[in-house]
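Colleague: Give me coordinates for this.
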Amino acid sequence: MQTRTLGTLGPVSALALGGGGIGAVWGQTSRAEAIATTREAIEAGITLLDLAPSYGDGEAEAVVGEAFGGTLPANVRVTTKCQLGDAPAAEVYDQLSASLTASLQRLQLDRVDIFILHSNIVPDGAGSRQGTPISLFRETVRPAFQRLVEEGRAGAWGITGIGWPSSVRSTLADDQRPAIVQCIANLLDSGGGLSRSDEPLTPRETISLAHQQGVGVMGIRAVQAGALTDAFDRDLPGSHPDIADFHRAAPFRAIAAELGVGAAHLAHRYALSINGVDTLVLGVKNREELHDCLAAEAAGPLDPALIQRIDQTVGPRS
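Modeller: I've put the predicted structure just below:
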């Protein structure tokens, strides 16, 4: 598998195994299948596991803990996250610390390589929108993350980059910036149901800025929560943003069919071709889906002419 450089953290595999699939967020799986998928991902050369407590109410972390019994294979790194929201300043460190402690217990580890703020960073005064105000982030959250790094419980810290672009980019421009940022990386530039901002998402601008600042980029949502696959494997209301993206991507699925591959396969190749994505987080829930993603990575980047054709079929991005 190709190796890429994740900012200051050094080499990682081009693909990372995400916890959403093995935590049954993206459809049903079993503990045994999730463990087998995780082990096979590592055997195939994946060196980064991207987890969070919210992936199956701790299930993804428990899968990794059971798969490796507290001893990760050589060169394998692990992330986890904390959904902090607009916590009172006096409680920020304690909430982050408690979340990390619980994650480490499930993982059967003493530390994680990267601890990520799972909340969106939002402008001050964003009201009831779920997220962490940027002033709270700068004044309290960032020092708390740094304290956890100094305590040796995390190797570095990062942020979720799918919130308000202006706030995310402002933090990337700070002197005390994160080691990594997680960014939308799909052919629609869409976060679908995750979008909470009044601003256009424009993730490729965030990716470009991150690289200018030496911040590693973890690409997420390559298949946009199923909208860029051949069919959803979970029920959604017709008004859901992911359903709208699925309909918008109909011409893309036609191209995939013409090429004789599944839509998910082509969507992963497209995401891996986006300039600036250091590692692409997979949402696979079983070995069959994993094998398709491994084949997509092995096939290499898409031809620029095919990328242009795909871009033209899905129309202008917001």
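
Colleague: I'd assumed residue 145 was in contact with residue 154.
Modeller: Yes. In this structure residue 154 lies within contact range of residue 145 using CB atoms under 8 Å: 7.4 Å. Quick note: C-beta positions are derived from backbone N, CA and C, even for glycine.

Colleague: Common neighbours of the two, please.
Modeller: Taking CB atoms under 8 Å, 6 or more residues apart in numbering as the contact rule, residue 154 and residue 145 both touch residue 115.

Colleague: and stretch 56-71, which residues are buried?
Modeller: For stretch 56-71, a neighbour-count test (16 or more other CB atoms under 10 Å) marks 56, 58, 59, 60, 61, 62, 63, 64, 65, 66, 67, 68 as buried.

Colleague: Which of these fall in helices?
Modeller: 59, 60, 61, 62, 63, 64, 65, 66, 67, 68 (DSSP state H).

Colleague: The lengthiest helix in the chain - what's its average pLDDT?
Modeller: The residue-count maximum for a helix in the chain (DSSP H) belongs to helix 92-107. The pLDDT scores in helix 92-107 average 98.

Colleague: And the helices in the stretch 101-250 of the chain?
Modeller: Secondary structure of the stretch 101-250 of the chain (DSSP state H, counting those that start in this stretch): helices located at 134-136, 142-150, 165-172, 203-212, 241-248, 250-259.

Colleague: Take these and lay them out in CSV including mean neighbour count.
Modeller: Shown next, in CSV, are the helices of the stretch 101-250 of the chain (neighbours: other CB atoms under 10 Å):
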stretch, mean neighbour count
helix 134-136, 19
helix 142-150, 17
helix 165-172, 20
helix 203-212, 19
helix 241-248, 17
helix 250-259, 15
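
Colleague: Among these, which comes closest to residue 52?
Modeller: helix 142-150 (15.2 Å; CB to CB).

Colleague: Could you export the ones in helices among the buried residues of stretch 56-71 as a markdown table, including distance to residue 270?
Modeller: Shown next, in a markdown table, are these (distance: CB to CB, whole Å):
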| residue | distance to residue 270 |
| --- | --- |
| 59 | 29 |
| 60 | 25 |
| 61 | 30 |
| 62 | 32 |
| 63 | 28 |
| 64 | 28 |
| 65 | 33 |
| 66 | 34 |
| 67 | 30 |
| 68 | 32 |
